[in-house]
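# I'll drop the sequence and a predicted model, then ask my questions.
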Amino acid sequence: MYGIVSADNGSPILSYELQMGSTALNDFVTVAGNPRFTLQTHQTVTRGVKAGEEYAFRYRAINKVGAGPWSETVLIRAATTPDAPGKPFYISSTDTSITIGIKPTLNNGGSKLTKYSVIRDQGNLTSDINVLESGYNGIDLEYTIQGLTPGNVYRIASFVSNEFGDS
């Protein structure tokens, strides 16, 4: 979360203090490092955090002489990967194609959804489901998979991505 200060000005660093606030930048609260000393350079903040909201963070080093200046402030959006979309459903088919519907995810993880993806297997029920349908635009909730072999059974799945990863 925060970096290591390279200069201690003659006294070893005893602690890093991490503060969190809103984007108003006038309500910072210490979440780690003061008064309890820590040299931890990674911190997970979970209290009072709401998915989709942006938070401001800053940190400083503390040695025997006192606290140094605050770092520049960074804004971070609280988000996780989205929930998986529902199972694709059958709409129609021909001998060599199938049209499926994609059920949207109900939880975007606190971040804008960037795309849906459709994957399938080779049509033999033993291969992995890892053939990405590159013709799918990632937006439409209906898609026709072309070029299938008549008589084969295909397994089809979908997943969704946001700015923080895939479901």
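Looks like it came in fine. Values in this document were obtained by computation on a predicted structure and should not be read as measured data.
# what helices or strands is the helix or strand hosting Ala157 leaning on?
Element membership of Ala157 [criterion: DSSP states H and E] is strand 156-162. Using 3 or more C-beta pairs under 8 Å, 6 or more residues apart in numbering; DSSP states H and E, the elements in contact with strand 156-162 are strand 113-120. All C-beta atoms are positioned from the backbone trio N, CA, C, and that covers glycine.
# what ranges of this protein fall below the confidence cut-off?
Applying pLDDT under 70 to the chain flags residues 1-9, 35-36.
# try 80 this time
Along the chain, segments meeting pLDDT under 80 span 1-10, 34-38, 40-43, 46.
# In the strand holding Ala157, which residues are buried?
Using 16 or more other C-beta atoms under 10 Å as the burial criterion, the residues of strand 156-162 that qualify are Ile156, Ser158, Phe159, Val160, Ser161, Asn162.
# what's the distance between that strand and the middle of its chain?
Mean C-alpha position of strand 156-162 versus that of the full chain (C-alpha atoms, centre = their mean, to the nearest Å) differs by 14 Å.
# outside of it, which residues touch it?
79, 81-82, 84-85, 87-88, 98, 100, 102, 104-105, 108-109, 111-120, 129, 145, 166-167 (C-beta atoms under 8 Å, 6 or more residues apart in numbering).
# Whichever of those residues end up buried, select them in ChimeraX.
Buried residues within the contacts of strand 156-162, by 16+ other C-beta under 10 Å, are selected in ChimeraX with:
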select :79,81,82,84,85,88,98,100,102,105,108,109,111,113,114,116,117,118,119,120,145,167
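# what pairs with Glu54 across the strands?
On the basis of DSSP bridges, Glu54 is bridged to Arg77.
# Contacts only, for Leu25.
Leu25 touches Ala56, Thr73, counting by C-beta under 8 Å, 6+ apart.
# what about it, distance to Arg47?
Distance, Leu25 to Arg47, by C-beta to C-beta, to the nearest Å: 20 Å.
# do the same with Ile102
With the distance defined as C-beta to C-beta, Ile102 ends up 36 Å from Arg47.
# now swap in Asn108 and tell me
Taking C-beta to C-beta, one finds Asn108 at 22 Å from Arg47.
# same thing with Ser134?
43 Å.
# what does Ala67 give?
Distance from Ala67 to Arg47, by C-beta to C-beta: 23 Å.
# before we move on, what about Ser127?
Distance of Ser127 to Arg47, computed by C-beta to C-beta: 46 Å.
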